[in-house]
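S.K.: how does the following fold in three dimensions:
(2 chains)
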Amino acid sequence: MAEEIVELNDGTADLIVVGIQRRGVQLADRIVRTIQEREHVSVPRGALDITLYRDDLQTVGPRPVVGPTDLPWNLDGKRVVIVDDVLYTGRTVRAALDELADFGRPSRVSLAVLVDRGGRELPIHADIVGKKFSIDAKDRVDVLVDELDGRDAVVVVRAERS
Amino acid sequence: MTSALGKDLLDLESLTPEQISLVLDTAVPFKEISERAIKKVPALRGQTIVNLFFEASTRTRISFEFAEKRLSADTVSVASSGSSVSKGETLVDTARNLEAMRIDMVVIRHGASGAAAFLAERIESNVINAGDGTHEHPTQGLLDLLTLRDHFGSLEGLRVCIVGDVLHSRVARSNIWGLRKMGAEVAVCGPKSLLPHAIAELGVQVFPRVEEAIEWAQALNILRLQLERMTSGYIPSLREYNRVFGVTRERLERAKHEVLIMHPGPMNRGVEIDSDVADGPHSVILNQVTNGVAVRMAVLYLLAGGNPELAEAAKGGGER
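M.R.: Residues are numbered from 1 along each chain as shown, chains lettered A, B, ... in the order given. Modelled structure (predicted):
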């Protein structure tokens, strides 16, 4: 995926990799590390918490916990790559795009996800996909990362069927 | 509107340590928003908040206004002098009239203790107490807790002494409740005439001399001495107050350890606190102000909590 990201953006100039809290951040870390190993370039890695930009904030129930956003750069003219673990309805990415717009005007924003499970509710697509699945709406897909969960795994949790 | 804090924030006395921690933890990411070029997030978009200030206040009102605007809420500030209150309209009528214009939250500062609770019981909007008489000033207490936690890492076992006119201070009371709930040790220090008689019953130590307080404390929260106290006979003169209870550089240097300096503002330089202390390396007074906006954003965010019934109905859509 790291290779595809660099290829898609014609190199590493002005590249900023931004992970979406939470697990997108660990994945973004790994991508940046891989780019460092292959291209010998240190690409900045930001973190984005989209909780305050969610479109369901009023209806989701008790307030979701807000995580840290770490994006200490002006994004004007930068090539931003959003990294997330699972792409489903697309609402998280929509929120991320809105939030990024408050940090400047990137020359390009692309999306890299580990898992695309289908089920889009908005016209959002991933430029780089680790693996594509077709998952039923009733089922859940969880990505586990070693840094937070003790192991690397993609887990499909199937709901009870009568 | 159910939220982790309930409908209103009226005082720290009724909050649990978990609720206090929730506010402090929530305030942390909100600090970052005030560092952005565009200091705005859409979290409270479309919410209407009225700041009802029956007592003159600049810093608290502005702090709340910034917190509200940075969350994209629409805000209206009503100052008592220019309002119908001066024409004799009651507190409840004022609020009910505003409610008829469909507002979501009211931030109220009032000269009577209990005014915020009184209002909260009678209107549907969320009510935030921005200071009621000598009772409590919960958001100030919370921002003081956050400032202490930022510096010391934890509040458990921390020794904090509140110095000054505790008798008339709602800031002192909120601090005492908040600190004790979070496991800190609290003391007060001031002239006998300005300390409530039974203050020790709140679980605080009493130091008659400021030198003892400085020796004991890891942090001092220095209260403003209102100039009227001199004319009402509580203290002989401001100069004497400074001479006996003033937090001066000499007194701090005599202590064998570093003491953190806090003050809710506005300061009377040269009375309760000397300038070189206020501007010195151990002063976190400006951090308190920065934290104030973040804490108020956290409180507004948590109070405007989602509606669980709507959540059930909306279950069809997902996230991601």
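
S.K.: please count neighbours and contacts with C-alpha atoms only from this point.
M.R.: Noted.

S.K.: just the element for A:G118, please.
M.R.: A:G118 is part of no helix or strand when elements are defined by DSSP states H and E.

S.K.: can you check B:V166 too?
M.R.: Counting by DSSP H and E, no helix or strand carries B:V166.

S.K.: which residues does it contact?
M.R.: B:172-173, B:188, B:190, B:194-196, B:223 (Cα atoms under 8 Å, 6 or more residues apart in numbering or on different chains).

S.K.: restricted to buried residues, select the residues you listed in ChimeraX.
M.R.: Filtering these down to the buried ones (16 or more other Cα atoms under 10 Å in any protein chain shown) takes a single ChimeraX command:
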select /B:172,173,188,190,194,195,223
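
S.K.: distance to chain A and pLDDT added to the contacts of B:V166, as CSV?
M.R.: Compiled in CSV, the contacts of B:V166 are given as follows (distance: Cα to the nearest Cα, whole Å; pLDDT from 0 to 100):
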residue, distance to chain A, pLDDT
B:A172, 30, 97
B:R173, 28, 97
B:V188, 35, 97
B:G190, 40, 96
B:L194, 41, 93
B:L195, 40, 94
B:P196, 39, 93
B:L223, 33, 97
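
S.K.: quick one: the helices in the chain?
M.R.: Using chain A here. Assignment of helices within chain A using DSSP state H yields the ranges A:2-8, A:23-39, A:91-101, A:146-149.

S.K.: correction: the question concerned chain B.
M.R.: Assigned helices in chain B, in chain order: B:17-33, B:59-70, B:91-99, B:115-122, B:138-152, B:170-181, B:210-216, B:228-231, B:238-245, B:249-254, B:275-278, B:285-303, B:308-313 (criterion: DSSP H).

S.K.: and the pLDDT at B:L22?
M.R.: B:L22 carries a pLDDT value of 94.

S.K.: distance to A:G19 for the helices of chain B - can I get that in JSON lines?
M.R.: JSON lines is the format used below for the helices of chain B (distance: least, Cα to Cα, whole Å):
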{"stretch": "helix B:17-33", "distance to A:G19": "16"}
{"stretch": "helix B:59-70", "distance to A:G19": "24"}
{"stretch": "helix B:91-99", "distance to A:G19": "42"}
{"stretch": "helix B:115-122", "distance to A:G19": "42"}
{"stretch": "helix B:138-152", "distance to A:G19": "26"}
{"stretch": "helix B:170-181", "distance to A:G19": "36"}
{"stretch": "helix B:210-216", "distance to A:G19": "46"}
{"stretch": "helix B:228-231", "distance to A:G19": "56"}
{"stretch": "helix B:238-245", "distance to A:G19": "53"}
{"stretch": "helix B:249-254", "distance to A:G19": "47"}
{"stretch": "helix B:275-278", "distance to A:G19": "41"}
{"stretch": "helix B:285-303", "distance to A:G19": "24"}
{"stretch": "helix B:308-313", "distance to A:G19": "27"}
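
S.K.: test my guess that B:R180 contacts B:V186.
M.R.: Yes. Under the criterion of Cα atoms under 8 Å, B:R180 makes contact with B:V186 at 6.9 Å.

S.K.: look up how far A:R63 lies from A:E99.
M.R.: Distance, A:E99 to A:R63, by Cα to Cα, to the nearest Å: 19 Å.

S.K.: and A:I20, what does it touch?
M.R.: Shown in contact with A:I20 (Cα under 8 Å, 6+ apart): A:47-50, A:82-84, A:96.

S.K.: and it, how far from A:L97?
M.R.: A:I20 is 11 Å from A:L97, by Cα to Cα.

S.K.: returning to that earlier point: and B:R180 and B:V186? Which one has more around it.
M.R.: B:V186 (24 against 21; other Cα atoms under 10 Å in any protein chain shown).

S.K.: check the offset of stretch A:106-125 from the chain's centre.
M.R.: Centre-to-centre, stretch A:106-125 and its host chain are 8 Å apart (Cα atoms, centre = their mean, to the nearest Å).

S.K.: that stretch: end-to-end distance?
M.R.: 18 Å.

S.K.: if you average pLDDT over it, what comes out?
M.R.: 96.

S.K.: okay, buried residues for it please.
M.R.: A:106, A:109-120, A:125.

S.K.: then stretch A:83-102?
M.R.: A:83-96, A:98-100, A:102.

S.K.: enumerate the beta-bridge partners assigned to the residue most central in space within chain A.
M.R.: Central residue of chain A (Cα atoms, centre = their mean): A:D84, 2.0 Å from the mean position. In this entry, A:D84 is beta-bridged to A:V113, by DSSP bridges.

S.K.: ok, it - contacts?
M.R.: So A:D84 contacts A:19-20, A:23-25, A:27-28, A:112-114 (Cα under 8 Å, 6+ apart).

S.K.: what do you get for B:E136?
M.R.: B:10-12, B:113, B:129, B:169-174.

S.K.: just the buried ones from those residues, in PyMOL syntax?
M.R.: The buried residues among the contacts of B:E136 can be selected in PyMOL (16+ other Cα under 10 Å) with this line:
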select buried, chain B and resi 10+11+12+113+129+169+170+171+172+173+174
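
S.K.: in the stretch 151-300 of chain B, which residue sits nearest chain A?
M.R.: B:A298 (9.7 Å; Cα to the nearest Cα).

S.K.: can you check the pLDDT for that residue?
M.R.: pLDDT for B:A298: 96.

S.K.: tally of neighbours for the residue nearest to it when sequence neighbours are not counted?
M.R.: Counting by Cα to Cα, 6 or more residues apart in numbering or on different chains, the nearest residue to B:A298 once its immediate chain neighbours are dropped is B:A27, at 5.0 Å. Per other Cα under 10 Å, the neighbour tally for B:A27 reads 25.
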